[in-house]
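Student: Sequence first, then the predicted structure, then my questions.
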Amino acid sequence: MKKSEKTNNVTAAMYDTLLRPVITEKSMTSSESGKVVFTVPLNASKDDIKAAVEAIFNVKVKKVNTVKQAGKVKRFRGYEGVRSDYKKAVITLAEGQNIDVTAGI
């Protein structure tokens with residue numbers, strides 16, 4: 001395996017680590033203080049998340065906090081169902097670093 005093929009596989013796995021940014025009023029106000037929020041897979045570790053953010057966005061990550069959110073019980077057309085569980089990662093960036101997650105909107 002060539003070195004370039006190996007790095008492409010690692011980068012593809014890193015893109016799978018960050019599913020999507022969380023764009024809410026609370027996450028946008030926290031971005032002013034250098035924090036970015038992403039939805040990540042339930043099995044993603046803090047080290048995986050940190051490596052993915054640093055590789056994809058070329059920034060220095062100071063700290064990663066994660067929150068597992070249990071799915072809510074909701075009723076769908078008269079039947080009870082459960083939304084999927086998900087995990088959020090709040091990434092604190094180093095001083096002077098920023099990520100603009102609203103650029104694609």
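Tutor: That came through, no problem. Keep in mind that this is a model prediction, so the values were computed, not measured.

Student: Kindly provide the whole-number mean pLDDT of stretch 68-85.
Tutor: For stretch 68-85, mean pLDDT is 94.

Student: contact partners of that stretch?
Tutor: For stretch 68-85, contacts defined as C-beta atoms under 8 Å, 6 or more residues apart in numbering pick out 42, 86, 87, 88. For glycine as for every other residue, the C-beta is placed from the backbone atoms N, C-alpha and C.

Student: mind redoing it with 10 Å?
Tutor: 39, 42, 86, 87, 88 (C-beta atoms under 10 Å, 6 or more residues apart in numbering).

Student: just stretch 56-64 next, same as before
Tutor: Contact with stretch 56-64 is made by 11, 14-15, 17-18, 34-36, 38, 40, 44-54, 89-101, as judged by C-beta under 10 Å, 6+ apart.

Student: Give me the buried subset of the residues you listed.
Tutor: Buried members of these, counted by 16 or more other C-beta atoms under 10 Å: 14, 17-18, 34-36, 38, 40, 44, 48-54, 89-91, 93, 97, 99, 101.

Student: Can you flag which of those residues belong to helices?
Tutor: Within the buried ones among the contacts of stretch 56-64, residues falling in helices by DSSP state H are 14, 17, 48, 49, 50, 51, 52, 53, 54.

Student: right, and the fourth one touches residue 40 too?
Tutor: Yes - applying C-beta atoms under 10 Å, one finds residue 49 in contact with residue 40, separated by 5.8 Å.

Student: what sits in contact with each of these two?
Tutor: 17, 18, 64, 66, 87, 89, 91.

Student: Among the residues you listed, find me the one that's closest to residue 30.
Tutor: Distance to residue 30 across the shared contacts of residue 49 and residue 40 (C-beta to C-beta) is lowest for residue 91, with 10.3 Å.

Student: what's the average pLDDT for stretch 50-63?
Tutor: Mean predicted lDDT for stretch 50-63 stands at 93.
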